[in-house]
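[1] Here is my input; please provide its structure:
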Amino acid sequence: MPPTELIVNGERKSTEIEPHTPLLWVLREELGLTATKYGCGIAQCGACTVHLDGQAVRSCVTPLLRAAGKKVTTLEGLPKNHPVKLAWLAERVPQCGYCQPGQMMSAAGLLLRTPHPTDAEIDDAMAGNLCRCGTYQRIRRAVHRAAGRP
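    All right, here's what the predicted structure looks like:
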């Protein structure tokens with residue numbers, strides 16, 4: 001089987017894993033990028049959200065083949081001073097923290113598309129990310145903070 005090439009967090013990677021393997025497992029098991037979480041395995045909870053060429057995708061249902069030759073960004077790939085990371089800390093969003101990498105990647109994707117979202121746009125963009133702890137109001141405040149609105 002020929003290797004699959006992709007760019008993960010700015011670094012060129014090559015893997016010989018079966019091309020229909022979910023990207024999630026390649027990131028976690030092959031590359032050791034464990035911020036991306038397994039939640040449901042059917043793209044319903046958002047814990048596995050990463051960016052594929054700048055678009056938020058659910059890595060649990062994205063085959064490695066779809067990522068071939070593309071840029072994959074995980075939470076580890078966002079700079080430490082990324083506005084979303086800083087806002088999440090400032091608003092004290094996490095409780096258990098399990099869903100937060102996916103929440104943050106969805107928020108970062110929203111801000112790439114819509115730099116100053118309204119409450120409705122935030123709610124719409126984040127609707128596919130479930131939080132068992134119910135920190136949705138803090139998440140919304142953090143997205144506004146990351147967008148430059150207090």
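[2] Tell me how this structure divides into domains.
    Using automatic domain parsing, the domain parsing of the chain gives 4-77, 83-146.
[3] residues near residue 81, how many?
    7 (other CB atoms under 10 Å). (Each C-beta comes from the backbone N, C-alpha and C, glycine too.)
[4] check which helix or strand covers it.
    Counting by DSSP states H and E, no helix or strand carries residue 81.
[5] do residue 112 as well
    Here residue 112 is assigned to helix 100-113, by DSSP H and E.
[6] can you check residue 25 too?
    Assigned by DSSP H and E, residue 25 falls in helix 23-25.
[7] now that helix: mean pLDDT?
    Averaged across helix 23-25, the pLDDT comes to 98.
[8] Show me what that helix is packed against.
    If contacts are counted by 3 or more CB pairs under 8 Å, 6 or more residues apart in numbering; DSSP states H and E, helix 23-25 sits against helix 64-67.
[9] Going by neighbour count, which residues of the helix it packs on are buried?
    By neighbour count on 16 or more other CB atoms under 10 Å, the buried set for helix 64-67 is 64, 67.
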